[in-house]
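Trainee: Using only what follows, build the 3D model:
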Amino acid sequence: MNSGAVPPDVQSSKPVYSIPIDRVGVKGVYRRVCIGSSRGSTCLDAYIDVMIDLPKNQRGIHVSRNIEAALDVFSSIEYGGFASLEEAIENLCRELLAKHGYATNAEARLSTTFIYEYGDTNLELEEHIPVKISMRSRVSRGSSDVHRRLCIEVVGMTVCPCALQMCSYTLNTVGYAPSHTQRAKLRMCVSTVNSFIDAADLIEIALNSFSTPVFSYLKRDKECRMILRGFENAKFAEDVVRSALHGLYRKFAGRTAPDTAIDISLRSYESIHPFDLFVSTRCRMGELAEHFSSG
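Mentor: Residues are numbered from 1 along each chain as shown. Predicted structure coming up:
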């Protein structure tokens with residue numbers, strides 16, 4: 001046994017094929033994350049991915065360093081080390097670069113379920129809405145730029161305006177008429193460089209884009225009022241996506257760069273068809289400015 005010898009560093013040996021690799025790391029590291037804020041501490045169950053690039057002359061990464069960096073950073077966060085998840089994962093990126101001297105780029109991703117406190121004065125109710133959130137930060141050695149991507153996913157209700165108008169025409173009624181409704185899942189992602197996007201802003205925009213949000217607990221009178229509101233605000237799936245784009249433009253135009261990337265998709269779980277309807281679009285903030293400024 002070579003008890004006194006230095007063990008071989010196989011990862012640092014030369015690979016058979018000298019080709020660089022963009023991302024190498026680990027996925028799904030679980031941590032209980034607590035963030036301090038003015039309203040107190042918020043704790044979330046989170047899964048973290050940590051990645052670095054690999055130069056062409058390095059055979060493999062030292063995996064334990066990734067785990068060590070994640071545990072170090074997200075242990076300190078439980079004790080109020082950071083004010084936001086974004087700050088924490090950016091710190092994790094820099095910790096990865098410090099531990100992997102051969103890496104040029106580092107990327108950290110975090111996914112969790114955030115409980116959004118929603119209040120509706122007209123319906124006189126409050127709801128704690130679970131929202132899936134994922135965020136990613138990417139930094140490069142020697143650069144102060146931070147590339148961020150934030151995604152949220154929420155569920156709401158849509159009322160078909162076509163069926164509503166056809167039923168109104170058929171029944172010769174004015175005002176309310178039958179239609180079909182469905183739950184729809186809206187996903188919104190915004191990618192920026194050195195700009196910060198608050199997840200709560202995206203959630204609010206998303207909820208306001210549906211015919212109406214959906215709620216876990218409703219008494220009969222409030223259930224009726226919610227349904228009536230939805231029928232007053234009938235929307236196609238396409239309308240929901242366009243409403244979300246308009247909400248993003250109103251909220252962030254002038255606060256983010258024209259090249260800010262936006263990715264929105266909606267999946268509608270159709271109630272009278274044996275399939276789902278899907279809508280997706282990608283654009284940049286500068287393109288939205290052109291669309292909305294031209295009417």
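
Trainee: residues in contact with Lys99?
Mentor: His62, Arg65, Asn66, Glu68, Ala69 (C-beta atoms under 8 Å, 6 or more residues apart in numbering). Placement of C-beta: from N, CA and C, glycine included.

Trainee: now those residues as CSV including distance to Pro213, neighbour count and pLDDT?
Mentor: As requested, the contacts of Lys99 are exported to CSV (distance: C-beta to C-beta, whole Å; neighbours: other C-beta atoms under 10 Å; pLDDT from 0 to 100):
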residue, distance to Pro213, neighbour count, pLDDT
His62, 47, 16, 89
Arg65, 44, 18, 90
Asn66, 39, 26, 89
Glu68, 42, 14, 89
Ala69, 39, 26, 90
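
Trainee: any idea which of those is the one closest to Ile203?
Mentor: Using C-beta to C-beta, Ala69 comes nearest to Ile203 of the contacts of Lys99, at 29.5 Å.

Trainee: would you say that closest one is within a helix?
Mentor: Yes: under DSSP: H, G, I helix; E, B strand; the rest coil, Ala69 sits within a helix.

Trainee: Let me know the distance separating it from Gly286.
Mentor: Taking C-beta to C-beta, to the nearest Å as the criterion, Ala69 is separated from Gly286 by 36 Å.

Trainee: Who does Met157 form a beta bridge with?
Mentor: Arg183, Thr212 (DSSP bridges).

Trainee: Actually, Ser137.
Mentor: Per DSSP bridges, the residues bridged to Ser137 are Ala108, Arg148.

Trainee: and Ser111, what does it touch?
Mentor: By C-beta under 8 Å, 6+ apart, the residues touching Ser111 are Ala46, Tyr47, Lys132, Ile133, Ser134, Met135.

Trainee: Need the CA coordinates for stretch 95-104. PDB is fine.
Mentor: Extracted C-alpha coordinates of stretch 95-104, given in PDB (Å, rounded to 0.1, in the frame of the first residue of the first chain):
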ATOM      1  CA  GLU A  95     -17.300  29.600  -5.600                       C
ATOM      2  CA  LEU A  96     -17.300  27.000  -8.400                       C
ATOM      3  CA  LEU A  97     -14.700  29.000 -10.400                       C
ATOM      4  CA  ALA A  98     -12.600  29.400  -7.200                       C
ATOM      5  CA  LYS A  99     -12.600  25.600  -6.700                       C
ATOM      6  CA  HIS A 100     -12.100  24.700 -10.300                       C
ATOM      7  CA  GLY A 101      -9.100  26.700 -11.400                       C
ATOM      8  CA  TYR A 102      -9.300  25.200 -14.900                       C
ATOM      9  CA  ALA A 103     -12.800  26.300 -15.600                       C
ATOM     10  CA  THR A 104     -13.700  29.500 -17.400                       C
END
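
Trainee: Buried residues, it. List them.
Mentor: Glu95, Leu96, Leu97, Lys99, His100, Ala103 (16 or more other C-beta atoms under 10 Å).

Trainee: Now the second one. Nearest residue, chain neighbours left out?
Mentor: Using C-beta to C-beta, 6 or more residues apart in numbering and skipping residues adjacent in sequence, the residue nearest Leu96 is Ala106, 3.9 Å away.

Trainee: I'd like the distance between that neighbour and Thr192.
Mentor: Distance from Ala106 to Thr192, by C-beta to C-beta: 18 Å.

Trainee: Look at the two and report which has more neighbours.
Mentor: More neighbours surround Ala106 than the other of Ala106 and Thr192, with 28 against 20 (other C-beta atoms under 10 Å).
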